[in-house]
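J.: With the input below, show me the fold.
(2 chains)
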Amino acid sequence: MADEMADRTLTPTHPLADRRRLLAAVADETAGAVRLELEAPVAAVDLRLDPRGTGPAAIAADLGAELPSEPDTWTAHPTGTALRLGPDEWLLTSTAARPEDWEFHLDEVAVAHGGMAVDVSAQRTSLRVRGAARELLSFGCALDLRPAAFPRGRCAQTLLGQSGVLLAAGLDGDVDDLQILVRPSFAAYVADLLVDAAAELVPQPA
Amino acid sequence: MSRVDGYGRIDRSRTVTVTVDGTAYTGHPGDTVASVLLAHGARPQNSSVKYGRPRGIGAAWTEDPVGLVQVEEPFPEPMLLAATVEATDGLVVRGVAGQGRLAEVPDTARYDRKHTHCDVLVVGAGPAGLVAARAAARAGRSVVLVDDRSAAGGTLTGTETIDGRPSLEFVADTVAELAALGVVHLQRTTAFGHYDDGFVLALERRGESARTRQRVHRIRAGRVVVAAGAIERPIAFEDNDRPGVVLAASARDLLHRHGVLAGREVVVFTSDDAAYAAAADLADAGASVRVLDARERAPQAGRRRCEERGVPVETGTLVHGTRGEDRVTAAVVGPDRREVPCDLLLVSGGWNPAAHLASHVGGSLVYDPVIGAFRPAELPPGVTVVGAANGTFALADVLREAGGPEAPVAPAQEWPEPTLVLWRTPGDPARQFVDIARDATVADVERAVGAGMSHPEHVKRYTTIGTAHDQGKTSGIIALGIIAELTGRPIQEVGTTTARPPYTPVAFAALAGRERGDLFDPVRTTALHAWHVAAGAEFEDVGQWQRARHYPRAGEDMTAAVLRECAAVRTSVGIMDASTLGKIDVRGPDAPVLLDRLYTNLMSSLKVGRVRYGVMCGNDGMVFDDGTVLRLAEDRYLVTTTTGNAAAVLDRMEEWLQTEWPDLRVRLTSVTEQWSIAAVAGPRSRDVIGAVFPGVDVSAEAFGFTTWQDTSLDGVPVRLARISFSGELAFEVTVSSPYAPALWERLVEAGAPYGITPYGTETMHVLRAEKGYPIIGQDTDGTVSPHDLGMAWAVSTKKDDFVGKRSYARAENRNPLRKQLVSLLPTDGATKLPEGSQIVAHCDDGRLPPAPVPMLGHVTSSYHSAALARPFALALVKGGRERLGEVVHVPVGDELVAARIGESVLVDPEGARRDG
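T.: Numbering: from 1, shown residues only, chains lettered A, B, ... in the order given. As a prediction, the model looks like this:
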């Protein structure tokens, strides 16, 4: 029995696995006005560094890209993104790294500069809203999400309905879209809220 | 029928049928319930709230104090104004006898809210609002325009001229231009509340055919332009509440908007010029009209228009009262009280600026004796008021004020005659209604003033004037005028009441929006939720979390299921989802210092690889939270908190760190959802863990109590910790949350030979209570210290300081009579004491002494115990530790239940079971 078990691999479950079909149906129901997509999990670390110290440069050298220095902005690096969450806090994501390895590695770099990195890969799950994303989110988010106020490259920690979320604008570039990062425990609520609000984007017979 | 051909913006090619008080009436799209009724010469069967007097339709819009109806179909809604309810096919309403009633059936309609941001919000799409919106949009601003009527245009009837063209053509062109400029233009949308920094709430009535019946727009604007118009002011006279007494401009509005002539024989009683337009228009539409002007001189233009139409004008003439039964049949005129027959008595005492939205944000008002009304004075930054809302009434002036350099033009008013400010005419104050909605008369104001009240806020509360559905839109100013008269002060010294949101009534359902049903409050679920559902769990709410409470089998109630689950943990093995525990990664060279200051016990001495239970207290020394602390490295700890307190604990830690000890090199990260935890508990837990993690030596010697080890499963990192909240041998298995379902399945599979039993929070509560472990928030209430819980051992005496330490030196905290946690065993061995029961001294005669009976304490937790084969309880009892062995009484209903006080630990007090 032990041998049999050793042959298997532990399979991860997406926090919104049971909402996948519900979310996918929105595209058809709104005649393509808006699409809601689950995103594959990525490695993520919460990075804390003194922004005036030597840490940001060291991390930038390691990542191959500068960390965003403006508040509420994100930048891309070769395997993912860096979102500035606070004066001394960034969320780094990577589609290439293994979470525990990345935490160990970035922590090593950060500690040398008085900082730290903590694996938070499972702290958030991600939904991508394409199409009328800003219109859809206006039913639950008080922020000014008009393109001029929240252009590509912006991010914000805010409330969507009654759930805390981290929004990032236009990660894909050419298509207007918003990424919603949310705690897994709140993800089903946020998904249900968005699906309910998406009904407002369903074209009405004249 | 009083429908007039050639008038109104209704669709006469289609009919709608509405049922009022059981009678079906036909109307047309564009009608309101009020216009349909008046078109049929009918009124709702209303009666007033206090005197039961008949009530009709008093005005054509939200200022109507009387025309309330109860909507029955499509969905019951109480006390809406007939003048504001659009006539739709199948609508069923009835008159209101004083008060309406709430629906007794669930509302199936959708309501929601939407956030909108703009540079400029314009409230009101009358001439002022339209040109203000146009000017802003042409200047490149992003503009939102809201208006409460069904179509733009405000009080424009089509008879006016703007830029040399009929006014409604100007309206249509402007609306089209606004659309082309991208203005968000919402009709049927009432801005009902205005808050600081350009925040305005507006209710959009989208109708029954829309997906969402009503929507609250939460608009944040850089600048707010209030162009909400003005409200006509009545004049109080005897029996002015009688149906058929209507505001003059409302009759004109009904004619031009709905093609309805509200009466055939019309008396117009006015002290203002505007009513002459109503007189002329109603005469043109076929009514017999007579004007009684309170002023000594009639305006030249108005008099000429009346003469052209054969409308007699008497000046210096006052209406003193009315005659009639359930509607007016005559006006009582002049001191000789001559009766002038009429079926419609129109009243106009001038105009009040609708500046409510400016007042909501603290804009001040100043009395203007020329218009006899309060107008906006000092305004907060970013707020402007234009047009009639600003006391500018003539169309030409309104356009100039609102439109800036590109303002359209209208002909100037010819030779206006000043308004005569007239609050009431001579007569019996007990029959002169000030607030018709509240049945409040001049006599009521006299009583209030006589009782010593002179401020309008006091008079308002004494008389209820201004507190009805209309919030005193017409009565408020009359009340002020009469207070001024009665107290002999100028009205500007009397002051005003304060306008507060909402401007018009808003249904709670609309405010709730989509926050109802499943979306009422977020339901937080763990990564293992689907497994619990499939396993038939009953859930309980813990904060926003849904946690499995127990897993009943067929035929089991909660008591039976929990007893079975408890027995399984005590005799073999159980498994529980503990993922909801708060988890905080505490990191940095000063992490030991921070934790030493925050916990009552010593955390710096904890060795890497070990776990310690910790208690956190407030400044007052009372227990705030508890949990375990794992030392991961010299500079790193993982702290757990109770489920409900996770955010509060992190906030508190951050607060201390950021505000008191910013010098500490520590950083805190919430990892609550990063890690899922399966608690495997029971004497066979070692077998289960050993089977799933064959590479780990799980023996008591190699893996001691309160230690942790990292391992992996199929390459996925897993942390094992020997932590027990049941007193049994137990392991907590921690894994990154996406892997929790697969790991849980492995544990359940490996436990199958031992009958591994999933157990829920209720079982966990029983197991911990049997061990005397308190639940913070259940066995404590913010007044309980660690010493009260028998946990003096968790309070360090070696540390210089920690949060709460100084409080323990206070005399009260050393009082031996403080309530202390003890167990309580009902002596009959059978009664389960209700939680919350009070505890009193033993009553030897078996009867409760006369009140007041001194309370010794109360029951905090109470369960059936499988291990003890009897019910037991935990309780906070005064001087409890001194009373061990004592029998007390617990009143339960009419019974006194005897119970013996004991040590709080009832099962395995020696701790022999924790190593298996």
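J.: and the closest residue to chain A within the stretch 101-250 of chain B, bridged to which residues?
T.: Closest approach between the stretch 101-250 of chain B and chain A, counting by C-beta to the nearest C-beta: B:H117, at 4.0 Å. From N, CA and C alone the C-beta is placed, and that goes for glycine too. Here B:H117 sits in beta bridges with B:R220, as judged by DSSP bridges.
J.: Quick check: it vs A:C141, distance?
T.: 11 Å (C-beta to C-beta, to the nearest Å).
J.: how much space is there between B:R564 and chain A?
T.: 27 Å (C-beta to the nearest C-beta, to the nearest Å).
J.: looking at this, that residue is in a helix?
T.: Yes: assessed by DSSP: H, G, I helix; E, B strand; the rest coil, B:R564 belongs to a helix.
J.: For it, give me the pLDDT.
T.: B:R564 is assigned a pLDDT of 97 by the prediction.
J.: number of nearby residues for it?
T.: 18 (other C-beta atoms under 10 Å in any protein chain shown).
J.: got the contact list for it?
T.: B:R553, B:E556, B:T757, B:A866 (C-beta atoms under 8 Å, 6 or more residues apart in numbering or on different chains).
J.: Same question for B:V853.
T.: Taking C-beta under 8 Å, 6+ apart, one finds B:V840 in contact with B:V853.
J.: Try it again at 10 Å.
T.: By C-beta atoms under 10 Å, 6 or more residues apart in numbering or on different chains, the residues touching B:V853 are B:Q838, B:V840, B:A841, B:C843, B:H889, B:P891.
J.: And the residues you listed, which of them are buried?
T.: Buried by 16 or more other C-beta atoms under 10 Å in any protein chain shown: B:V840, B:H889, out of the contacts of B:V853.
J.: got a list of what B:M616 touches?
T.: Taking C-beta under 10 Å, 6+ apart, one finds B:595, B:598-601, B:623-627, B:639, B:641-642, B:645, B:649, B:652-653, B:776, B:786, B:802-804 in contact with B:M616.
J.: hang on, the earlier thing: now the contacts of B:V853 as JSON lines including distance to B:S605?
T.: Output for the contacts of B:V853, formatted as JSON lines (distance: C-beta to C-beta, whole Å):
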{"residue": "B:Q838", "distance to B:S605": "42"}
{"residue": "B:V840", "distance to B:S605": "44"}
{"residue": "B:A841", "distance to B:S605": "44"}
{"residue": "B:C843", "distance to B:S605": "50"}
{"residue": "B:H889", "distance to B:S605": "45"}
{"residue": "B:P891", "distance to B:S605": "47"}
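J.: shaky segments in chain A?
T.: Scanning chain A for pLDDT under 70 picks out A:1-8, A:171-175, A:205-206.
J.: got it, and the stretch 701-850 of chain B?
T.: In the stretch 701-850 of chain B there are no weaker segments when pLDDT under 70 is taken as the threshold.
J.: Tell me which residue of it lies closest to chain A.
T.: B:P738 (3.6 Å).
J.: can you map out the strands along chain A?
T.: Along chain A, the stretches classed as strands by DSSP state E are A:34-38, A:43-48, A:74-77, A:80-86, A:89-94, A:116-119, A:125-131, A:155-160, A:163-169, A:177-182.
J.: that older thread, I only care about the contacts of B:R564 that end up buried; give me the PyMOL line for that.
T.: This is how PyMOL selects the buried members of these, with burial counted by 16+ other C-beta under 10 Å:
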select buried, chain B and resi 556+757+866
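J.: Mind checking which of the contacts of B:R564 are in helices?
T.: Secondary structure assignment (DSSP state H) places none of the contacts of B:R564 within helices.
J.: So which of the contacts of B:R564 sit within strands?
T.: Mapping the contacts of B:R564 onto strands (DSSP E) picks out B:T757.
J.: Any idea which of the contacts of B:R564 the model trusts least?
T.: Lowest confidence among the contacts of B:R564: B:A866, with 91.
J.: Report the separation between B:V224 and B:D147.
T.: Going from B:V224 to B:D147 by C-beta to C-beta gives 14 Å.
J.: Apart from its chain neighbours, what residue comes closest to residue 103?
T.: Using chain A. Computed as C-beta to C-beta, 6 or more residues apart in numbering or on different chains, the closest residue to A:E103 that is not its neighbour in sequence is A:D119, at 3.8 Å.
J.: actually chain B
T.: For B:A103, the spatially nearest residue (C-beta to C-beta, 6+ apart) is B:P76, at 3.8 Å.
J.: Tell me which two of the contacts of B:R564 sit farthest apart.
T.: Greatest spatial distance in those: B:R553 and B:A866, 15.3 Å, computed using C-beta to C-beta.
J.: for the most centrally placed residue in chain A, which residues make a bridge with it?
T.: Nearest to the mean C-alpha position of chain A, by C-alpha atoms, centre = their mean, lies A:L181 at 3.8 Å. On the basis of DSSP bridges, A:L181 is bridged to A:S126, A:L166.
J.: quick one, what contacts it?
T.: A:39, A:44, A:83, A:91, A:93, A:123-127, A:155, A:157, A:164-168, A:187.
J.: per-domain residue ranges of chain A.
T.: Annotated domains of chain A cover A:17-40+A:124-199, A:43-119 [automatic domain parsing].
J.: would you list these in JSON lines and tack on distance to B:T487?
T.: Formatted as JSON lines, the domains of chain A follow (distance: least, C-beta to C-beta, whole Å):
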{"stretch": "domain A:17-40+A:124-199", "distance to B:T487": "46"}
{"stretch": "domain A:43-119", "distance to B:T487": "57"}
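J.: The residue lying closest to B:A109 once chain neighbours are set aside is in what secondary structure piece?
T.: Nearest non-adjacent residue to B:A109, counting by C-beta to C-beta, 6+ apart: B:R213, 4.0 Å away. Using DSSP states H and E, B:R213 falls within strand B:212-226.
J.: After that strand, which helix or strand is next? Please name it.
T.: Next element after strand B:212-226 (DSSP H and E): strand B:230-232.
J.: Can you list the strands that that following strand pairs with?
T.: When DSSP bridges is applied, strand B:230-232 pairs with strand B:351-353 (antiparallel).
J.: Now do whatever helix or strand comes next after the partner strand, average pLDDT.
T.: Per DSSP H and E, the first helix or strand lying C-terminal to strand B:351-353 is helix B:356-360. In this model, helix B:356-360 carries a mean pLDDT of 96.
J.: Now for residue 21, how many residues are close by?
T.: Picked chain A for this. Look at A:R21: counted by other C-beta under 10 Å, it has 8 neighbours.
J.: nope, chain B please
T.: By other C-beta under 10 Å, 17 other residues sit near B:D21.
J.: That one contacts B:G95, correct?
T.: Yes: contact criterion C-beta atoms under 10 Å: B:D21 and B:G95 qualify, at 5.6 Å.
J.: what is in contact with the two at once?
T.: B:L37, B:R43, B:P44, B:Q45, B:N46, B:V69, B:Q70.
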